[in-house]
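Asks: next come a sequence and a model predicted from it.
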Amino acid sequence: MPAGLLGIEDLTREHIQAILDRSRDFQPRAEPNFRKLDLLRGRMVVNLFFEASTRTRTSFEIAAKRLGADAISITAQASSVSKGESLVDTLNTLAAMRPDAIIMRHAASGAPHFLQRHLETPIINAGDGTHEHPTQALLDARTILDRGAKLEGLRVAIIGDIAHSRVARSNVYLLSKFGADIVLCGPASLLPAELAQIAPGVTLTNNMDEAIRGADVIMMLRVQLERQHEMAFPSSEYFQFYGLRLEHLRLASPDVIVMHPGPINRGREISSEVADSQRSVILNQVENGIAVRMAVLERVLCGVAGH
Ligand code: CP
């Protein structure tokens, strides 16, 4: 079976640690220009995105190129799926061109897992529906560790549209494996009770102050209107109850960091004052996306840093 990366749930702690450790080698140093490496020279990856993306698609492409690989990006609109070709036929067609990996985002939960059963080419999951977004959780962990924090015993509040968030699920799996305390917070309609059972160390609350009190990390989530049939709250009301504002930070640990996977909706789930504050590491997350995806591509294509 090809060793791609479909999710965090099935990875061991040691495996995750190896990727996080290796990603440090790929973080930018003081020099202004990144030195291109040739670890993946002669290799090819295909970025196949059936959903919109700015960060993930671009950073996978940059990561591949920095490692010396060729990277080709295809969107749903530009593929023959728009002419009625099935997903399996599209994937088989691309696989026949012998890429070394296919990086895939799809709106259906489980789509990359299903396709991997039919394909020899390793698939890297770049986000499947409401299920998992493994490289987002890896880059989030890298960003937390960069602040000198240990994951064990850390109090992490994940706030917002938990129900539709693949970022929340992947983070819960990862942080739980490392012994963090995770508080999931959101309105009842966006906070399914069963999420308390998916991993050890998870608690739920509908009260934002309770979630933030003593938090070392606050991870805000976007309300995913594209996955909802109707908005549970008018946006101004949502911001009143679940929008992160400067006054909330006083309840948290003095060293609290504020994270957001993006895209951020200012004035809906986070105020501009917080998003642009010293506490915000949102752009550090974006920067770490390249280093972490370099480590993942190296592992998948060369079988190092974790195998
Ligand atoms: N965080 C994230 O997945 O962002 P994009 O949708 O822009 O890739």
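Replies: That came in fine, so what should we check first? Remember, predicted model here, so these are calculated numbers, not experimental data.
Asks: just give me the neighbour total for residue 130.
Replies: 20 (other C-beta atoms under 10 Å). No exception for glycine: its C-beta is placed from N, CA and C like everyone else's.
Asks: my read is that it contacts residue 168, right?
Replies: No - judged on C-beta atoms under 8 Å, residue 130 makes no contact with residue 168 at a distance of 9.2 Å.
Asks: relative to the ligand, which residue of the stretch 201-307 of the chain is the closest?
Replies: residue 261 (3.7 Å; C-beta to the nearest ligand atom).
Asks: quick one: buried residues of the lowest-mean-pLDDT helix or strand in the chain?
Replies: Counting by mean pLDDT, DSSP states H and E, the chain has its least confident helix or strand at helix 235-242, which shows a mean of 88. Using 16 or more other C-beta atoms under 10 Å as the test for burial, helix 235-242 gives 238, 239, 242.
Asks: next up, the contacts around the last one.
Replies: Under the criterion of C-beta atoms under 8 Å, 6 or more residues apart in numbering, the contact list for residue 242 reads 159, 160, 185, 186, 187, 208, 269.
Asks: which bits of this protein sit near the ligand?
Replies: 53, 54, 55, 56, 127, 133, 136, 261, 262, 263 (C-beta under 6 Å from any ligand atom).
Asks: could you look up the SS state of the last one?
Replies: With DSSP: H, G, I helix; E, B strand; the rest coil as the basis, the three-state label of residue 263 is coil.
Asks: wait, it touches residue 222, no?
Replies: Yes - the pair residue 263 / residue 222 is scored as a contact, 6.5 Å apart, by C-beta under 8 Å.
Asks: who has more neighbours, these two?
Replies: For residue 263 versus residue 222, the count of surrounding residues by other C-beta under 10 Å is larger for residue 222: 20 against 10.
Asks: distance check, residue 92 against residue 145.
Replies: 39 Å (C-beta to C-beta, to the nearest Å).
Asks: who has more neighbours out of the two?
Replies: Using other C-beta under 10 Å as the criterion, residue 92 and residue 145 rank with residue 145 on top: 18 against 14.
Asks: list the contacts of that one.
Replies: 20, 151.
Asks: that one belongs to a helix, doesn't it?
Replies: Yes - assessed with three-state DSSP, residue 145 lies in a helix.
Asks: state the distance from it to residue 234.
Replies: Residue 145 is 38 Å from residue 234, by C-beta to C-beta.
Asks: likewise residue 70?
Replies: Relative to residue 234, residue 70 is positioned 47 Å away (criterion: C-beta to C-beta).
Asks: between these two, which has more neighbouring residues?
Replies: Neighbour tally, residue 70 and residue 234, criterion other C-beta under 10 Å: the higher count belongs to residue 70, 15 against 9.
Asks: tell me how far that one lies from residue 296.
Replies: 17 Å.
Asks: kindly report the same for residue 265.
Replies: 28 Å.
Asks: between those two, who's got more neighbours?
Replies: More crowded of residue 265 and residue 296, by other C-beta under 10 Å: residue 296, with 26 against 19.
Asks: where does the prediction get shaky in the stretch 151-300 of the chain?
Replies: 225-233 (pLDDT under 70).
Asks: can you show me the strands along it?
Replies: 155-159, 181-185, 202-205, 217-220, 257-259 (DSSP state E, counting those that start in this stretch).
Asks: got TSV for those, with distance to residue 80 too?
Replies: Output for the strands of the stretch 151-300 of the chain, formatted as TSV (distance: least, C-beta to C-beta, whole Å):
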stretch	distance to residue 80
strand 155-159	38
strand 181-185	40
strand 202-205	42
strand 217-220	37
strand 257-259	37
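Asks: mind putting those strands in CSV, mean neighbour count included?
Replies: Formatted as CSV, the strands of the stretch 151-300 of the chain follow (neighbours: other C-beta atoms under 10 Å):
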stretch, mean neighbour count
strand 155-159, 25
strand 181-185, 24
strand 202-205, 16
strand 217-220, 26
strand 257-259, 23
